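**Q** Just to be clear, the model below is a prediction. Sequence and coordinates:
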Amino acid sequence: MTLPVVVIGLSHKTAPVDVRERFAAGKEILPEILARLMQKPDLEEAMFLSTCNRVEIIAMPKRSAAPEEATLLASRAIREALREHIGASSTGELADWLYERSGDDAVRHIFRVASSLDSMVLGEPQILGQVKSAYDAAVAAGALRSHLARCVRRAFTVAKRIRTETQLGTGAVSISSIAVDLAKRIFGDLSDSTVLLVGAGEMAEASAKSLGKGARAMRVCNRSFERAANLASAFGGAAAPLDQLEAELVISDVVVTSTAASHFVITRDLVKRVMKQRKGRTLFFIDIAVPRNVDPLVHELDNTYVFNIDDLEQEVIENMKARKQEVIAAEAIVETEMHDWSAWARGLEVTPTVIALRARTRGMLMAELERTLNGRLKHLGEGDRAALFQMMESATNKLLHAPTTRLKATAQSSDGGDLVEALVDLFDLPAVLDSVESANDANGANEKSDTTSARCQ
């Protein structure tokens, strides 16, 4: 039987940034996390997604129990994995932050996440790349192989449709652009301001694009001076290595931080020294990194203001208002894709059941025929025996034609699963069904071309 997908995680909707950063994981530790997930006896497949605004474990339960029980066991395993990840003493400590989805709700959630319909900034393009990176890491670790892998690949298709068929991604559609909008709201057109970008990655580049030529000067400070210089030169700015950060802060007005550091890059003591040199001139920090780059205690210093990713709420609300109609169109695409996915998934339940039912029926009839041919009809010649075997084959086909046709038709409806479960119970099919599904899983694991093509979507 096809088991439901399970998603458990936290996001900007359920947990503040100081909690989210405890769960965040860089790509360098993903193999270790995925290896631990695959050691959980109740998980068949798994993927770990970590972005600025969410951390989720997406998994398929083991086929070791009935769907309801298997889902419950998988849920417990995922919560335990998250507990281990942050070193909490019990899973109860996580309860206030976590959400859980299973079955169609989980698949719909995956589709919406990949399509940026569940993002802080609706339509932002970064999330799809982040989901693809998480997918690639899970495939490389051997944690995605069959049903769940196909589900995530389907999410890529949904996201692509929404990007091409709606205008959800037009305008200011990233955390970086929202951060720049906030800076402009505070300083006006920024024509009298020097903006410092701390970090030279994707989010810093998006910030630079949003700034355009609006600021009096744009500067980039990064651990790798080469990356800082490349970004700065592309946008007419100046670059500096990270060890000159203090000097850069002295001459800047607005600082946008987005490094991948796991600790505070800008500390209270550093800013305290900077403010003495600035002689009280106001300094604004917009920290869009998770984990955070700026110590929140900096906000307590005179004439310094710190905005983190959760403080962009008002800008996000305006963003959502502007995209209301596009969201409706995007959600309609999700529902269409959900209908198709659900029909396909229900078909997965039907095919092994049909095969198992035929095997069961044919096996019983042939066993009876063999017993008879070895008894009262043992005098029959090879020709007569062959005719009887052919008659049994024909009888099997005719006997199962109507139930097979009805079962396949019902698979497209919501009660198809109930009919499958009834047949499995009435004809005592579990053992036969397990052997059929094991063979199907083995075949699916060898479909390397399917995985390769998915990376190019």
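**A** Alright, I've got the coordinates. Residues are numbered from 1 along each chain as shown.

**Q** In three-state terms, label the residue lying closest to residue 229 once chain neighbours are set aside for me.
**A** Closest residue to residue 229 apart from its sequence neighbours, by C-beta to C-beta, 6 or more residues apart in numbering: residue 239 at 4.2 Å. Backbone N, C-alpha and C define where each C-beta goes, glycine included. Look at residue 239: counting by DSSP: H, G, I helix; E, B strand; the rest coil, its state is strand.

**Q** Would you quantify the distance from residue 239 to residue 270?
**A** Look at residue 239 and residue 270: by C-beta to C-beta, to the nearest Å, they are 20 Å apart.

**Q** count of residues packed around the residue nearest to residue 229?
**A** 21 (other C-beta atoms under 10 Å).

**Q** what's the answer for the one 5 residues further on, then?
**A** A count of nearby residues for residue 244, using other C-beta under 10 Å, gives 12.

**Q** my guess is it contacts residue 221, does it?
**A** Yes: the pair residue 244 and residue 221 qualifies as a contact (C-beta atoms under 8 Å) at a distance of 6.9 Å.

**Q** Tell me where the stretch 1-150 of the chain has strands.
**A** 6-11, 43-50, 54-61, 99-102 (DSSP state E, counting those that start in this stretch).

**Q** just checking, what packs against the second one?
**A** For strand 43-50, the contact count by 3 or more C-beta pairs under 8 Å, 6 or more residues apart in numbering; DSSP states H and E identifies helix 30-38, strand 54-61, helix 67-86, helix 126-140, helix 147-165 as packing neighbours.

**Q** can you dump the C-alpha coordinates of the shortest one into CSV?
**A** Going back to what we said before, that points to strand 54-61. This file holds the C-alpha atoms of strand 54-61, laid out as CSV (Å, rounded to 0.1, in the frame of the first residue of the first chain):
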residue,chain,number,x,y,z
ARG,A,54,12.2,27.3,7.5
VAL,A,55,13.6,24.0,8.5
GLU,A,56,11.7,20.9,7.5
ILE,A,57,12.2,17.2,7.4
ILE,A,58,10.2,15.6,4.6
ALA,A,59,9.9,11.8,4.8
MET,A,60,8.2,8.6,3.7
PRO,A,61,7.4,6.0,6.4
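
**Q** can you give me the offset of it from its chain's centre?
**A** 7 Å (C-alpha atoms, centre = their mean, to the nearest Å).

**Q** what's the answer for the last one, then?
**A** The chain centroid and the centroid of helix 147-165 are separated by 11 Å, computed with C-alpha atoms, centre = their mean.

**Q** One more: stretch 261-279?
**A** On the basis of C-alpha atoms, centre = their mean, stretch 261-279 sits 36 Å off its chain's mean C-alpha point.

**Q** What's the mean pLDDT across it?
**A** For stretch 261-279, mean pLDDT rounds to 95.
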